[in-house]
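Peer 1: model this:
(2 chains)
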Amino acid sequence: GENVEQHPSTLSVQEGDSAVIKCTYSDSASNYFPWYKQELGKRPQLIIDIRSNVGEKKDQRIAVTLNKTAKHFSLHITETQPEDSAVYFCAASISNFGNEKLTFGTGTRLTIIP
Amino acid sequence: KAGVTQTPRYLIKTRGQQVTLSCSPISGHRSVSWYQQTPGQGLQFLFEYFSETQRNKGNFPGRFSGRQFSNSRSEMNVSTLELGDSALYLCASSPGPGGEAFFGQGTRLTVV
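Peer 2: Now for the predicted structure:
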C-alpha cells in the first residue's frame, strides 16, 4: 500500500521567514496530494491541494510543488506569521471512483518565533 | 452550510465494552471516511463509505466496523475495547470521488 514520509517532524522559524515541509510517497499511482493544518485541539483543515497533472499551485502565502518523477511534494509558507503555528500533515491518495483513502504523513509541528 | 458533525465529542469507556460513534456529513456529501489519530501513530485510515457501501478498509482488526445510512450519515463501532483504542476518531466527508475531504471535530475516546 501507499506509504508517505514527512520531514521534518518539528520546525521552528522566525516570524517573516519561510518554512518548507517535504513529503515523499511510494505509490506512483497516487494522484491527489492535500495538505492539512491542525491547530491544537482542533480538526485538520485543508489548506491547499494539488493533483498530479499540475506541478505547482499557489494560494497567497502558501504554495505546493509536486515532482511526480521523484515522488515528492512540498509545502512552502512564505512571510510566516504567528498564526501559522500548528501541525501540518501531508497526504496522498489514488483519487478515483472506488478509492478515496488518504494516507497521511506523520506531521510537522511548525512553531513561528515572534 | 453546516460542517461535519460528530457525536459525542468525548467518551470514557471501560475495557471490554463496545462503543458507537456517529458522523453527519456536510449536506450533499456522499463519501464518509473514518480516521484514528494518536500521538504515536498519527492519522490512520479506518474505512470509507460511499452510497452505503464500504469501498476501502484500513489495517485495523475486525473489532472496528462501520456503516452508512441512506442519508449518508455514518456510524463506526468498536467492540471489546482495549486500552490502545484510546484516540481521537475523526470523520471526514467529501462530495464524491476526487473531492476535498472535510473533517469533523472528532470524538475523543478514552478507554480505562
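
Peer 1: In chain B, where is pLDDT below threshold?
Peer 2: Chain B contains residues with pLDDT under 70 at B:1, B:97-99.

Peer 1: So which residue is smack in the middle of it?
Peer 2: By C-alpha atoms, centre = their mean, the mean C-alpha position of chain B lies nearest to B:Trp34, the distance being 3.5 Å.

Peer 1: That one contacts B:Ser93, doesn't it?
Peer 2: No: using C-beta atoms under 8 Å, B:Trp34 is not in contact with B:Ser93; the gap is 10.6 Å. In this view, the C-beta of every residue, glycine as well, is placed from N, C-alpha and C.

Peer 1: residues shared between the contacts of the two?
Peer 2: Shared contacts of B:Trp34 and B:Ser93 (C-beta atoms under 8 Å, 6 or more residues apart in numbering or on different chains): B:Cys23.

Peer 1: Who is A:Gln45 paired with across the strands?
Peer 2: A:Lys37 (DSSP bridges).

Peer 1: C-terminal to the helix or strand bottoming out on mean pLDDT in chain A, what's the next element?
Peer 2: Least confident helix or strand, chain A: strand A:103-104 with a mean of 90, by mean pLDDT, DSSP states H and E. Next along the chain after strand A:103-104, taking DSSP states H and E as the criterion, comes strand A:108-113.

Peer 1: near chain B, anything from that next one?
Peer 2: No: for strand A:108-113, no contact with chain B is found by C-beta under 8 Å from any C-beta of the partner chain; the gap never falls below 11.1 Å.

Peer 1: How far off centre is stretch A:11-28?
Peer 2: 7 Å (C-alpha atoms, centre = their mean, to the nearest Å).

Peer 1: how long is it from one end to the other?
Peer 2: 28 Å (C-alpha to C-alpha, to the nearest Å).

Peer 1: what do you get for stretch A:50-64?
Peer 2: Start-to-end, stretch A:50-64 (C-alpha to C-alpha) is 7 Å.
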